[in-house]
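[1] Mind folding the following:
(2 chains)
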Amino acid sequence: MLSIIRQLIRDTKSQKLRTFLTLFGMIWGTTAVSLLLAFGEGFHQQLAKESAGIGNGVVIGWPSRTSMPYDGLNKGRYILVDDEDIGLIRKKALGLSYISSEYQTQYKLHYKTKILAVGVTGIEPEYGEIRNLIPQEGGRFINHLDLQMKRRVLFMGDELAEQVFGNVSPVGQTINLHGSPFLVVGVMKKKQQNSNYNGSDKGKVFIPATTLKMMTGQKFVSNLVFAADNVRDTGALIKDVRHIMAARHRFSPDDEEAIGFWDTSENAKFINTLMLAFRIFLGGIGCLTMVVGGIGISNIMSVVVEERTREIGIKLALGAKPGSIMVQFLFETLALSIAGGIIGIIITFLICMTFPALNLSDTVGDPRLSPISAAATAAVLGLISFISGYFPARTAANLDPVIAMKM
Amino acid sequence: MILGSFFNTQKNNQKKENDGVISLKGLSKVYDTGKVKVEALRGVDLAVYSGEMVAITGPSGSGKSTLMNLIGCLDTATSGSYLLRGEEVSGMSREALASIRNRRVGFIFQSFNLLPQISAFENVEMPLIFGGMPKKNRKERVMDLLERVGLSERMDHKPTELSGGQMQRVAIARALAMDPDIILADEPTGNLDTGAGGDIMNLFIELWEQGRTILVITHDPALAKRAPRQVEIRDGNITEDIRRN
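    Model prediction:
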């Protein structure tokens, strides 16, 4: 073993260019594979973060019209959902974590000289939790007391807050909404959100549902928003909610249009599948790059075997086992590849460390080298270098000592 | 009486065979290049006994190099039997042959075949490494061998820093390293001037006197005459087998 290492050191010293080229090929290949995987991972994380912006595993339900006749009632009936329905679901639905009604309208907003038309959403306190509306420091979300007392308080999206107040701290300010004064109690913490309905949360105003109902006279909810205890049970929960509503409003439990449901956890599943495919694609490209590197190594090792044919012949004549000649060459290839691989991984790691400084995180995410990606890279590297080392090594071991010594 | 002497001879032959280091029976080698078949050896019978020194002579193309390769286990015969110290060698695997070469055969080549990038010491050490001798024993053994060929002062020199005669002496030390059953020398003086060649030949005689079994291939008649036994090969057959006393 020690003599194999000494031999390796001697070889690398005597053939600096070859060693450099071999290493370079492998560094290149490893960096390509691991960097692609790291970017894939980072992009996935970014997408997951953005899709969680609307809330983790949120279901949005919107009451609509029946699509099939049921129990002697015609199809095309409007289904109208009110607070009593929400209370019933809250009481009966299995595996329900939170539910909130959501009322929507459009109001004019006055603040000093600014006038803006904004989407106003009337909600219950649970809504913040479900939809991932987290107040910035110093603020709070709408609470139960606000709801109970029909207070004129509002929680606003971060972008809208900046638009209205600029540098002034919004919390504690009074805004005029549809002619009524409202107290700003909180501003939403900045979040990534890539899917929405009726506009992104950052440009909206949220007020207690009771306050909004009082102002508009609305009786029926625009949407019901809920989430399951366990994201995996979302499908079953939707079915349960439909059954409860079907029994109460007399429509078929199989009627999927009476109340439409948008299961955002389906998005997450889709993203996961998409990203898996994407990563396999990136990994595949990386592997191809590494294969090219491997072919380079194989070529170089073939040249080495040719150059050292005489030496191999002499060693065989003196009783070196063909097997140990093979091991020596395989070891050389592996040692060079592993050294190249380690350097490649380090380069990738450094790139991952410095990338956030480029401020591209919002679009492509921060690349991250997960242990699985690193292990996958190592496995591919090992396999490729073994294969590329095997054939030259076998050629070396199969040399005829008589002919080889004459070279 | 006649029968008795016949049995006696048989017995003697048997005894001699058991003593034999090398015993070749009907050994032949055919090189098949696909188009042409070249019969390099045509059923050679040869016995070499322990402590003998044999010069193998013959014109080029006679098959003497083939014979040397077969005896040295560098190549395998097409047919026939080869017993080396009573062990059948033909039909052995490459790995097994490598082990035989390592332990049983010491090679000395016309072109020395030393590895140029390592020192004389390391060159002599090589067969010991292949034979699996522990490091601490190796050092002593190599020093001893180099002293025996008169090169202990040069052990750190690389072959390129040595003269032809010195290189051949390193090769002889290397051949002796594993204390082999036979020493095979292929034109050992072919690349040396007369003086150095004579020195090397004297070294062989010395080794022979110490009880080594030595086979020397040469086409130098003066050199061949110094060997106590001379075997001549022509067209793949042994044509002469002379013993001198």
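[2] and residue A:232, how many neighbours does it have?
    11 (other CB atoms under 10 Å in any protein chain shown). All C-beta atoms are positioned from the backbone trio N, CA, C, and that covers glycine.
[3] where does it land on pLDDT?
    For residue A:232, the model assigns a pLDDT of 84.
[4] if I look at it, how far off is chain B?
    Counting by CB to the nearest CB, to the nearest Å, the gap between residue A:232 and chain B amounts to 58 Å.
[5] Assign a three-state SS to that residue, would you?
    Secondary structure assignment for residue A:232 (DSSP: H, G, I helix; E, B strand; the rest coil): helix.
[6] What distance do you get for it to residue A:99?
    18 Å (CB to CB, to the nearest Å).
[7] now do residue B:63
    With CB to CB as the criterion, residue B:63 and residue A:99 are 99 Å apart.
[8] residues touching residue A:59, list them.
    The contact partners of residue A:59, by CB atoms under 8 Å, 6 or more residues apart in numbering or on different chains, come to A:225, A:226, A:227, A:228, A:234, A:237, A:238, A:261, A:262, A:263, A:264, A:265.
[9] sec struct for it, please.
    Residue A:59 is classified as strand under three-state DSSP.
[10] now it: how far from residue B:179?
    For residue A:59 relative to residue B:179 (CB to CB), the value is 87 Å.
[11] again with residue A:243
    Where residue B:179 is concerned, residue A:243 sits at a distance of 93 Å (CB to CB).
[12] Tell me the secondary structure at the residue of chain A found nearest chain B.
    In chain A, the residue that lies nearest chain B is residue A:319 (2.3 Å; CB to the nearest CB). Under the three-state scheme (three-state DSSP), residue A:319 adopts coil.
[13] need the contacts of residue A:59 in a markdown table with neighbour count, distance to chain B and secondary structure, can you?
    Below are these laid out as a markdown table (neighbours: other CB atoms under 10 Å in any protein chain shown; distance: CB to the nearest CB, whole Å; DSSP: H, G, I helix; E, B strand; the rest coil):
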| residue | neighbour count | distance to chain B | secondary structure |
| --- | --- | --- | --- |
| A:225 | 28 | 75 | strand |
| A:226 | 29 | 73 | strand |
| A:227 | 25 | 68 | strand |
| A:228 | 24 | 66 | strand |
| A:234 | 24 | 64 | helix |
| A:237 | 26 | 68 | helix |
| A:238 | 21 | 69 | helix |
| A:261 | 18 | 71 | strand |
| A:262 | 17 | 70 | strand |
| A:263 | 19 | 66 | strand |
| A:264 | 20 | 66 | helix |
| A:265 | 21 | 62 | helix |
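[14] Share the number of residues neighbouring residue 54, please.
    Let's take chain A. Around residue A:54 there are 24 residues (other CB under 10 Å).
[15] ah, no, chain B please
    Residues lying near residue B:54 (other CB under 10 Å) number 23.
[16] Wait, a helix at it?
    No. Residue B:54: not assigned to a helix; according to three-state DSSP it is strand.
[17] Residue B:230 is in contact with that one, correct?
    Yes. The criterion here is CB atoms under 8 Å, and residue B:54 meets it with residue B:230 at 7.3 Å.
[18] Now do the same contact list for residue B:223.
    By CB under 8 Å, 6+ apart, the neighbours of residue B:223 are B:55, B:189, B:197, B:201, B:216.
[19] With residue B:84 as the reference, measure out to the residue nearest the centre of chain B.
    The residue lying closest to the centre of chain B (CA atoms, centre = their mean) is residue B:184, at 1.2 Å. Using CB to CB, one gets 12 Å for the distance from residue B:184 to residue B:84.
[20] repeat for residue A:179
    Residue A:179 is 114 Å from residue B:84, by CB to CB.
[21] returning to that earlier point: tell me the two of the contacts of residue B:223 that are most distant?
    Maximum pairwise distance in the contacts of residue B:223, criterion CB to CB, is 13.9 Å, between B:55 and B:197.
[22] The two - which one has more neighbours?
    Between residue B:55 and residue B:197, residue B:55 has the larger neighbour count (other CB under 10 Å), namely 25 against 21.
[23] Excluding sequence neighbours, find me the nearest residue to that one.
    The shortest distance from residue B:55 to any residue other than its chain neighbours is 3.6 Å, reached at residue B:227 (CB to CB, 6 or more residues apart in numbering or on different chains).
[24] need the helices for the chain, in chain order.
    Unless you meant another one, I'm taking chain A. Ranges of helices in chain A, per DSSP state H, are A:2-14, A:16-51, A:83-92, A:126-130, A:144-148, A:158-165, A:209-216, A:234-249, A:264-307, A:309-317, A:322-354, A:361-364, A:371-397, A:401-405.
[25] The intended chain is chain B.
    For chain B, the helices defined by DSSP H occupy B:2-19, B:64-71, B:94-104, B:120-130, B:135-148, B:164-176, B:194-209, B:221-226.
[26] need the ones you listed in JSON lines with distance to residue A:214, can you?
    Formatted as JSON lines, the helices of chain B follow (distance: least, CB to CB, whole Å):
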{"stretch": "helix B:2-19", "distance to residue A:214": "121"}
{"stretch": "helix B:64-71", "distance to residue A:214": "109"}
{"stretch": "helix B:94-104", "distance to residue A:214": "95"}
{"stretch": "helix B:120-130", "distance to residue A:214": "96"}
{"stretch": "helix B:135-148", "distance to residue A:214": "95"}
{"stretch": "helix B:164-176", "distance to residue A:214": "106"}
{"stretch": "helix B:194-209", "distance to residue A:214": "118"}
{"stretch": "helix B:221-226", "distance to residue A:214": "124"}
